[in-house]
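[1] only geometry, no sequence info:
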């Protein structure tokens, strides 16, 4: 945290603060967030690509499988619950893509 009492002499004081001093708070790892934001600005298509690849399965899980809220509490339990949702989603996709007979045959061969 940084602050200064030199604000009374500054011409921009009215635009900056109403107090006697200007206080600036900065998270100790703020540079990580700034680097991520700069990288995202360099690759403007990254967020669109992420939405197309990553967000669709989550939306499908929430909508089709009724996983709008987690039933469990505490992070380890929520992780387990989310893992089960993802497993069910992946099994459903495999069944839709290759079919049940081929899935059973592949599981028996393994």
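    Now that the structure is in, tell me what you want to look at. The shown structure was predicted, so the numbers you read here are calculated from the model rather than taken from an experiment.
[2] Counting neighbours, what do you get for residue 57?
    14 (other C-beta atoms under 10 Å). Bear in mind the C-beta positions are built from the backbone N, C-alpha and C, glycine included.
[3] Kindly report the same for residue 42.
    Count around residue 42 with other C-beta under 10 Å applied: 8.
[4] next one: residue 17
    14.
[5] do the one 3 residues further on as well
    When counting by other C-beta under 10 Å, one arrives at 10 neighbours for residue 20.
[6] Let the chain start at 15 from now.
    With 15 as the first residue, the last one maps to residue 34.
[7] got the residue ranges for the helices in the chain?
    27-30, 44-56, 60-64, 70-78, 89-112, 114-123 (DSSP state H).
[8] Turn the ones you listed into TSV, columns for mean pLDDT and distance to residue 15.
    Formatted as TSV, these follow (pLDDT from 0 to 100; distance: least, C-beta to C-beta, whole Å):
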stretch	mean pLDDT	distance to residue 15
helix 27-30	81	16
helix 44-56	89	12
helix 60-64	80	32
helix 70-78	79	37
helix 89-112	90	30
helix 114-123	91	58
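[9] closest one to residue 36 among the ones you listed?
    Closest approach to residue 36 among these (C-beta to C-beta): helix 27-30, 5.8 Å.
[10] Tell me the helices and strands packed up against that closest one.
    Of the remaining helices and strands, none touches helix 27-30 by 3 or more C-beta pairs under 8 Å, 6 or more residues apart in numbering; DSSP states H and E.
[11] residues of that helix that come out buried?
    By neighbour count with 16 or more other C-beta atoms under 10 Å, helix 27-30 contains no buried residues.
[12] Repeat that for stretch 53-61.
    Under 16+ other C-beta under 10 Å, stretch 53-61 has no buried positions.
[13] same thing with stretch 109-118?
    By 16+ other C-beta under 10 Å, stretch 109-118 has no buried positions at all.
[14] Give me the residues contacting it.
    Stretch 109-118 is contacted by residues 108, 120 when judged by C-beta atoms under 8 Å, 6 or more residues apart in numbering.
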